[in-house]
Each structure stands twice: as C-alpha cells, then as structure tokens.
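[1] Kindly generate the corresponding structure for this input.
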Amino acid sequence: MRPVLEIDGLSVEFASARGPVAAVNDLSFAIGEGETVALVGESGSGKSTAAMAILRLIASPPGRVVKGRVLFEGVDLLGLSPADLRKVRGDRIGMIFQDPMMALNPVYTVARQIAEVLEVHRGLAGRAALDEVVSLLRLVGVPAPETRAGQYPHNLSGGMRQRVMIAMALECKPRLLIADEPTTALDVTVQAQVLRLIEDLKSRLGMSVLLITHDMGVVSQSAHRVVVMYAGRKVEEGATRDLFAAPRHPYTQGLLRAARRARADDGTLWEIRGTVPSPHAMPPGCGFAPRCDCARAACAAAVPELTRTADGHEVRCIVAAEGAA
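    Numbers count the residues shown, from 1 in each chain. Here you go, the predicted model:
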C-alpha cells in the first residue's frame, strides 16, 4: 500500500552572514495509512523545520529546500503551484503549530479564525459556518462552545487554546495531521487530555499523524514508529516498542536514559554531556561523536551511512552497525 506521506532525501538550508546553514540534511521516512510516526530529538535537531518544509511554510529568503521530494498521496508537494498547494493546506493536511498563543491571531475571535478555513475549503459562511465552529469546539472538548466561539485567544487557558488549534487542524477531516509539539507548556493533566483527544479523533477520522516532540514519554504512548533526528540528520528509525526496548544509536540511548531519569554513579540525574553543535561549526564525520562515550577515530572520518537491519530498523552509527553485524 502506498504511504500517505513519503519524505525522500529532504534537505533544507538557511542563508546567513557566515554562509548557508544546513537545518535538515537528506531526511527520508514515510507514514502509512492510519499510522502515527514520531519525529524526536533535542531542540535544534531540525524537527520543526522538516514539518514546515512539508507544507512549504519556510520563509524564502532566508530558507529554501535544497533537494528532495515530499510525496503526499503520490503527489510531490514541492512541485505544486501556490494555488494547488493552498487546496492541500488546511484541507487534506492539517497542522497544529507549536505555540497556540503565537499561532492564533489576538485581534480575531475564535469563531472568525476557525470559520476562515471553513469558508476557503468548504464554502461555508454566516450561520452555517458559526454552527460548524460550535460543533468543532464541542468535538474537541471545549466547554460552553457557544460562548468560547465569541471570545479572543487571551480569554482562554493554554489547554483551551491548544484545543482551538486542534479544531482548526481537523475541521476539514484531513488525511494527515502534523502535530508540532502539541503538549508544549501544558501541565501533565492537560497533556494527557490533549493526547487522548488526538488519538480519539485519529481513530474516528482515519487520519495518519506526524507527531513532533522531544518528550519520549509522549512518544511511548502515541507512536507506532519513531524517527530520531540529531543536528539535522536522521540517526535512527524503528518500531516504537523495538526502539524503546533496544535503542541502537548512542544518542537514542541517551534520550531514553534521560527520559527515565536514570542516575549517574554519583547519584545525580544522568544527562547527555555537552550540547548540540552550532550549525556553523559542525564536527567532521558523525555530528554526535564529540558527545558520545562510544566514539572512536573512525567516527570523525566521514558521516556514517544509514544501516538497515532485517527487521526494518535503521541506524546511522559505525559502532551500532558493527554490533548488529
């Protein structure tokens, strides 16, 4: 069966005073029918840039897609005209942006912002649009939806704003939902509610989901497969259960140890040492080598190739590939 979304060799760079900066480098993965794929990694790993590139939302200049394909239902979105792309955005593909307070317009009511998509993609206006707005707010669990529809974003809590964003993303019953950090800045209780809501609506609408997050706990609850990014590259991909049970890349192992609040020998919480390298000063070879306890001289010689195992697991690591062999 053809994937709903297939990313093939996607590379994105940004112009800067010090020359072009690679934000996403040769990224490839696919999302199947009804599947949830999580894209994970530390801040600065390229997750959100990849998501924005899918819908061609990266401002140009300074950003541009250098190469690659983004196939949605077999059609390359990077080759569509602006008019044809607008028919896909918000209709066939919905997106929940990272910060609902920034994504929502503070001078327009909730009803007006949701109704705009209904007017563009479904031709609804007036009372019909307002009725649909209220139905959508009720669907995503907003209390007193008739009242909330007439309010402004600053009148709502963070959880309510996130639900409004979900309503906007789902109002045209998309085939694919891109959820960029949908639980960021929410307390644990609201996080759980939002995740349950997305999963429930995914089942009811038959959607596929690209879940972008740095929270491995969220991944374990929600995703079928996991794509791990570091410094703009995919370093590991596998089924969620397999990846959590036996992570192969040292970076993935570090993320999971930190998520499980493991303790170092001195009793302090364990952490991945060092920081993500600056895109202007990427180390030679494997970008993670300066922070890796398993690094050897060969790791700095060249960027490791992705190695695929018999069970479909992929890893970009010399040491892991040798271990698998």
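[2] can you give me the strands in this structure?
    5-14, 21-31, 36-40, 63-72, 75-76, 93-96, 176-180, 208-213, 225-230, 233-239, 307-308, 314-315 (DSSP state E).
[3] now the angle between strand 176-180 and the fourth one, please.
    Going by axes from the mean of the first three to the mean of the last three CA atoms, to 10 degrees, strand 63-72 is angled at 140 degrees with respect to strand 176-180.
[4] Flag every buried residue along strand 63-72.
    63, 65-66, 68, 70-72 (16 or more other CB atoms under 10 Å). Where you see a C-beta, it was placed from the backbone N, CA and C, and this is true even at glycine.
[5] Can you check which helix is longest in the chain?
    helix 188-205 (DSSP state H).
[6] Report the beta-bridge partner residues of the residue nearest to the spatial centre of the chain.
    The chain has residue 212 as the residue nearest its centroid, 2.4 Å off, counting by CA atoms, centre = their mean. Beta-bridge partners of residue 212, counted by DSSP bridges, are residue 39, residue 180.
[7] Which residues does the helix or strand of the chain with the lowest mean pLDDT contact?
    Scoring the helices and strands of the chain by mean pLDDT, DSSP states H and E places helix 318-324 at the bottom, with a mean of 75. With contacts defined as CB atoms under 8 Å, 6 or more residues apart in numbering, helix 318-324 is touched by 248-250, 286, 294, 296, 298-299, 304, 307, 309, 315.
[8] at 6 Å what do you get?
    Outside of helix 318-324, the residues within contact range by CB atoms under 6 Å, 6 or more residues apart in numbering are 248-249, 294, 298-299, 304, 307, 309.
[9] Mind listing what's buried along it?
    318-321.
[10] Switch those over to CSV; also include distance to residue 232.
    Listed next are the buried residues of helix 318-324 as CSV, based on distance: CB to CB, whole Å:
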residue, distance to residue 232
318, 19
319, 21
320, 19
321, 20
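[11] Name the nearest of these relative to residue 230.
    residue 320 (13.2 Å; CB to CB).
[12] I'd like to know how far that closest one sits from residue 136.
    Here residue 320 is placed at a distance of 45 Å from residue 136 (CB to CB, to the nearest Å).
[13] What of residue 272?
    41 Å.
[14] mind giving me the domain split of the chain?
    94-171, 233-324 (automatic domain parsing).
[15] what ranges of this protein fall below the confidence cut-off?
    1, 185-186, 262, 264, 323-325 (pLDDT under 70).
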